[in-house]
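# quick check, what structure comes out for this input:
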Amino acid sequence: MSIKESAMIAVRDCMGVKPGEKVLIVCDTERDFIGVPLYEAAMELGAESIYMEMKPRTRSGEEPPEVIADAMLHSDVVIAPTVFSLTHTQARKKACLNGARIATIPLTEGTKELITDMFSTGGMTADYFRMRDRIEQLYKLQQGTKTAHITTPLGTDINVEFAGREWHMDTGLALNKGDFTNLPGGELFIAPTSANGKLVVDGTFGDWGLLDTPLELIIKDGVCVDARGAHADDLKKLFEELGPDARHMAELGIGMNPKARLWGILLEDEKVGNTIHMALGNDCGFGGTCTVAMHCDGIVTHPTVYVDGKKLDIKEFL
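Presented below is the predicted three-dimensional model:
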């Protein structure tokens, strides 16, 4: 499959773009090779397609320029292939509340060739409607749950609390007003209220890509109190720069895309089936209260997950 074909799938199938709709492509100078095909696909479908390009942000969760945020607010559809993620921004949240259907495509890691390969052959090739049905099945089972206990062979042993918070689905489909997704999609996620234990990240971590050696995060009362191993020093520098909110445990996610693979590109890696991910930083866009300009995910492979004391077999839903 080519980039042009993947772009058409994204615009036509995942976003349901119709003739005459106002479709805004928010890109940056580093990801135009994804942004331009999306713009052209929307034009081909008869949309009022608009392309806006900015300089890359400095980290995921940083707000776009005001002129772009305003344009997002007045669009029917927004697709954002960028280096750093616009997912956890007020601009994205406000535009969704105003009715825009939005897909973010944060491509922080990887060469042009690797990203092109991923977008053409990985998670974008999933059967999105079948995957949506499976995610909805698991979503219904998780309603009203309160806690999770997660372990892995590498030493993860963490208890996560989320009573009163709502699970969210990322199906890769944004067909109704206010819908939001990543592309490729494929996860179920929630903002914890607290967490305690050790998280051993052995997949991709934040904007640093696929780890050569694991990173251990020590979590106490929903806060990262220590980091050891790969990129621990880099993470601690962010803590110093951004303050205590950057240590906040922001997300528990379950990867559910059967076609996704570990590329070292967080966008797809967090969707890999039978993985979980947890994030530090901003969670205000999906039920939390932390607004710090950072959202840093860590992928954990081969997890054993118990929800409210009952074992969850993620593979059954792939």
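
# what about the helices in the stretch 101-250 of the chain?
Read by DSSP state H, counting those that start in this stretch, the stretch 101-250 of the chain holds these helices, from start to end of the chain: 112-121, 128-142, 232-242.

# nearest to residue 300, of the ones you listed?
helix 232-242 (15.8 Å; Cβ to Cβ). Where C-beta positions appear, they are placed from N, C-alpha and C, glycine not excepted.

# how far off centre is the closest one?
21 Å (Cα atoms, centre = their mean, to the nearest Å).

# alpha carbons of it, as CSV, please.
Presented in CSV, the C-alpha positions along helix 232-242 are these (Å, rounded to 0.1, in the frame of the first residue of the first chain):
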residue,chain,number,x,y,z
ALA,A,232,16.1,8.4,33.4
ASP,A,233,18.3,11.5,33.4
ASP,A,234,16.4,13.0,30.5
LEU,A,235,13.2,12.4,32.3
LYS,A,236,14.4,14.0,35.5
LYS,A,237,15.5,17.1,33.5
LEU,A,238,11.9,17.4,32.3
PHE,A,239,10.7,17.1,35.9
GLU,A,240,13.0,20.0,36.9
GLU,A,241,11.9,22.1,33.9
LEU,A,242,8.2,21.6,34.1
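
# offset the numbering so it begins at 24, please.
Okay, using 24 as the starting number, the last item reads as helix 255-265.

# just checking, what packs against that helix?
Under the contact criterion of 3 or more Cβ pairs under 8 Å, 6 or more residues apart in numbering; DSSP states H and E, the helices and strands touching helix 255-265 comprise strand 238-243, strand 246-252.

# that one versus strand 238-243: what angle between them?
For helix 255-265 and strand 238-243, the angle between their directions (axes from the mean of the first three to the mean of the last three Cα atoms, to 10 degrees) works out to 50 degrees.

# could you pull out the strands for the stretch 174-323 of the chain?
Applying DSSP state E, counting those that start in this stretch to the stretch 174-323 of the chain gives strands spanning 180-184, 191-193, 203-205, 210-213, 217-224, 238-243, 246-252, 272-278, 298-304, 318-324.

# next one: the longest one to chain centre, how far?
Offset of strand 217-224 from its chain centre (Cα atoms, centre = their mean): 19 Å.

# and that strand, which strands flank it?
Strand 217-224 has the following strand partners under DSSP bridges: strand 180-184 (antiparallel), strand 238-243 (antiparallel).

# next, the angle strand 318-324 makes with that strand.
When the same axes, to 10 degrees is applied, the directions of strand 217-224 and strand 318-324 differ by 60 degrees.

# avg pLDDT for strand 217-224?
For strand 217-224, the mean per-residue pLDDT is 98.

# what's the domain layout of this structure?
26-130, 151-340 (automatic domain parsing).

# returning to that earlier point: take the strands paired with strand 217-224 and write them to CSV, including mean neighbour count.
Written out in CSV, the entries for the strands paired with strand 217-224 read as follows (neighbours: other Cβ atoms under 10 Å):
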stretch, mean neighbour count
strand 180-184, 19
strand 238-243, 19
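
# tell me which of these sits nearest to residue 135.
Proximity to residue 135 (Cβ to Cβ) singles out strand 238-243 among the strands paired with strand 217-224, at 26.9 Å.

# next, the angle strand 298-304 makes with that closest one.
60 degrees.

# low-confidence ranges, this protein, go.
Low-confidence segments of the chain (pLDDT under 70): none present.

# quickly list what the nearest residue to residue 206 once chain neighbours are set aside is bridged to.
Of all residues not flanking residue 206 in the chain, residue 126 sits nearest, at 4.7 Å (Cβ to Cβ, 6 or more residues apart in numbering). Applying DSSP bridges to residue 126 gives these bridge partners: residue 102, residue 204.

# what's the local residue count around residue 126?
Neighbouring residues of residue 126 were enumerated by other Cβ atoms under 10 Å; the total is 26.

# check residue 285 too.
By other Cβ under 10 Å, 16 other residues sit near residue 285.

# and for residue 107?
The number of residues packed near residue 107 is 20, by other Cβ under 10 Å.
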